[in-house]
Each structure stands twice: as C-alpha cells, then as structure tokens.
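A predicted structure for the sequence below; I have some questions about it.
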Amino acid sequence: MKKRADAKGKGKPKKKKSFTGRRSKFCKFCVEKSTFIDYKDVKTLQGFTPERGKVLPRRTSGVCANHQRMLVESIKRARNIALLPFATD
Ligand SMILES: [Zn+2]
C-alpha cells in the first residue's frame, strides 16, 4: 500500500506546539502587580518548578526579566528551608 504524501489540503499548517501543560505568554506577576514574590508561597513557586526541581526558563513561563529574577531568588530561598526540592535526578 502506498501512503499519500501529498494528500494534504491547501497549505494550512495547524501545528500547535503544546507540550507540558499551559504556557502563559504574559508575566503573571506583572498582571498581579506584585513587587515581590513570597518564598513561602509554595503553590505559586511550584508552578515554575516542574518535576525535576529546576526553574522554568523565562521563554517557557513567560515571566518578565524582573520577576524571573525575583522568582529564582524566592525559589532558592524556598529550597533552603525545604519548601521546594533541589534538583532531583
Ligand atoms: Zn513581570
């Protein structure tokens, strides 16, 4: 049997790059106008640290430079007081 390679309709590439959950294009913290990120707010921080305990890169999370810096700081703090895991691999 032959596979039709050119049996696509008129070129409309509908490929959505969507893996591992949601990606917001906006900075969540800017929306909330938060001037600091609470390191005790584990729920929020966990949203930026997928399984392995690493911090999501900015281009994935959509967080702006300023807040990313704060975020990383908070995550490190949270790790130190054992609220978040260090990289588990
Ligand atoms: Zn921001």
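Looks like it arrived, so ask away.

Does stretch 70-89 reach the ion?
No - residues of stretch 70-89 contacting the ion under C-beta under 5 Å from the ion: none, with a closest distance of 8.5 Å. No exception for glycine: its C-beta is placed from N, CA and C like everyone else's.

same question for that stretch, mean pLDDT?
For stretch 70-89, the mean per-residue pLDDT is 89.

How far does that stretch sit from its chain's centre?
15 Å (C-alpha atoms, centre = their mean, to the nearest Å).

May I have it as CSV, with CA atoms only?
C-alpha atoms of stretch 70-89 as CSV (Å, rounded to 0.1, in the frame of the first residue of the first chain):
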residue,chain,number,x,y,z
MET,A,70,12.8,37.6,41.9
LEU,A,71,11.3,34.2,41.3
VAL,A,72,14.6,32.5,41.1
GLU,A,73,15.6,34.2,44.3
SER,A,74,12.4,33.1,46.0
ILE,A,75,12.8,29.5,44.8
LYS,A,76,16.3,29.3,46.1
ARG,A,77,15.1,30.6,49.5
ALA,A,78,12.2,28.1,49.5
ARG,A,79,14.6,25.3,48.7
ASN,A,80,16.8,26.3,51.6
ILE,A,81,14.0,26.0,54.1
ALA,A,82,12.9,22.8,52.4
LEU,A,83,9.7,24.1,51.0
LEU,A,84,10.8,23.1,47.5
PRO,A,85,13.1,20.2,46.4
PHE,A,86,16.5,20.8,45.0
ALA,A,87,17.0,19.3,41.6
THR,A,88,16.0,15.6,41.9
ASP,A,89,17.6,13.5,39.3
